[in-house]
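Asker: Structure for the following, please:
(2 chains)
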Amino acid sequence: KAGVTQTPRYLIKTRGQQVTLSCSPISGHRSVSWYQQTPGQGLQFLFEYFSETQRNKGNFPGRFSGRQFSNSRSEMNVSTLELGDSALYLCASSSGSGRARGTDTQYFGPGTRLTVL
Amino acid sequence: AQSVTQLGSHVSVSEGALVLLRCNYSSSVPPYLFWYVQYPNQGLQLLLKYTTGATLVKGINGFEAEFKKSETSFHLTKPSAHMSDAAEYFCAVSDSGTYKYIFGTGTRLKVLA
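Answerer: From the prediction side, this is the model:
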């Protein structure tokens, strides 16, 4: 079974631009979560999508947004990029079902490393 | 609010020695706890998880962790370190049973020959 794939793997942008990152979950998985990883703040939850609906959201400004398509693929968008947005963005997928969602395993992709100049 | 604290941002052990990585959590509800490993330029790989049931959890690559409610701890151990264990390890708790994970700050494990 193919794992979680993220494209592109590396991205360089300049301040003020916007960027779109893509995530394809494991086949059959309906939940996709996004995390930002930086040396200073560590791993922080951005949002989670399930069946095209945002189910949970972290504490990030509105410049960070996402969406999920009917095939469970997800994109996240960052508008008006700032230097501090430079990070590794990780996507994770899980089945999304089950009474206690937290018991499911989240499988992470390799990440997209975004550099903002 | 739930939180996770990992003691020691860097840990060094000799090859063949015991690995002990510490994780303490804070949760007002029964926690779901996870250990992930991250190798350079890669994503996170699940080592093991505790949800309910047996408090001693065995994971991949010879790692195990014990959930101790009285100590609010979930320390990761491996009896004998291998060079390939060198990586960064993250402890996480599921926020109120959701897919929103709260991660610790990570512990970078160095294995000395």
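
Asker: Can you tell me which residue of chain B sits closest to chain A?
Answerer: Residue nearest to chain A within chain B (CB to the nearest CB): B:Ser94, separated by 3.2 Å. (Each C-beta comes from the backbone N, C-alpha and C, glycine too.)

Asker: and that residue, how many neighbours?
Answerer: By the criterion of other CB atoms under 10 Å in any protein chain shown, B:Ser94 has 25 neighbours.

Asker: close enough to count as contact, it and B:Pro31?
Answerer: Yes. Using CB atoms under 8 Å, B:Ser94 makes contact with B:Pro31 at a distance of 7.2 Å.

Asker: before we move on, the earlier item: from B:Lys100, how far out is the residue of chain B closest to chain A?
Answerer: According to CB to CB, to the nearest Å, B:Ser94 stands 7 Å off from B:Lys100.

Asker: Could you do B:Gln45 as well?
Answerer: 19 Å.

Asker: Among these two, which residue is more densely surrounded?
Answerer: B:Lys100 (22 against 15).

Asker: Now for the more buried one: which residues touch it?
Answerer: Contact partners of B:Lys100, counting by CB atoms under 8 Å, 6 or more residues apart in numbering or on different chains, are A:33, A:45, A:48, A:56, A:58, B:94.

Asker: most centrally placed residue in chain B?
Answerer: For chain B, the residue nearest the mean C-alpha position is B:Trp35 (3.6 Å; CA atoms, centre = their mean).

Asker: Please name the nearest non-neighbouring residue to A:Gly66.
Answerer: A:Met76 (4.2 Å; CB to CB, 6 or more residues apart in numbering or on different chains).

Asker: so the one you found bridges to which residues?
Answerer: A:Leu21, A:Gly66 (DSSP bridges).

Asker: Would you confirm that the residue nearest to the centre of chain B contacts B:Leu76?
Answerer: Yes. Taking contacts as CB under 8 Å, B:Trp35 lies within contact range of B:Leu76: 5.1 Å.

Asker: Find the residues that touch each one of these two.
Answerer: With contacts taken as CB under 8 Å, 6+ apart, B:Trp35 and B:Leu76 have B:21, B:23, B:47-48, B:63, B:65, B:89, B:91 as neighbours in common.

Asker: What about those, which one has the most neighbours?
Answerer: B:Cys91 (28 neighbours).

Asker: Tell me, how many residues neighbour residue 15?
Answerer: The chain I'm using is chain A. The burial count for A:Arg15: 11, using other CB under 10 Å.

Asker: I was thinking of chain B, sorry if that wasn't clear
Answerer: Other residues lying near B:Glu15 total 13 when counted by other CB under 10 Å.
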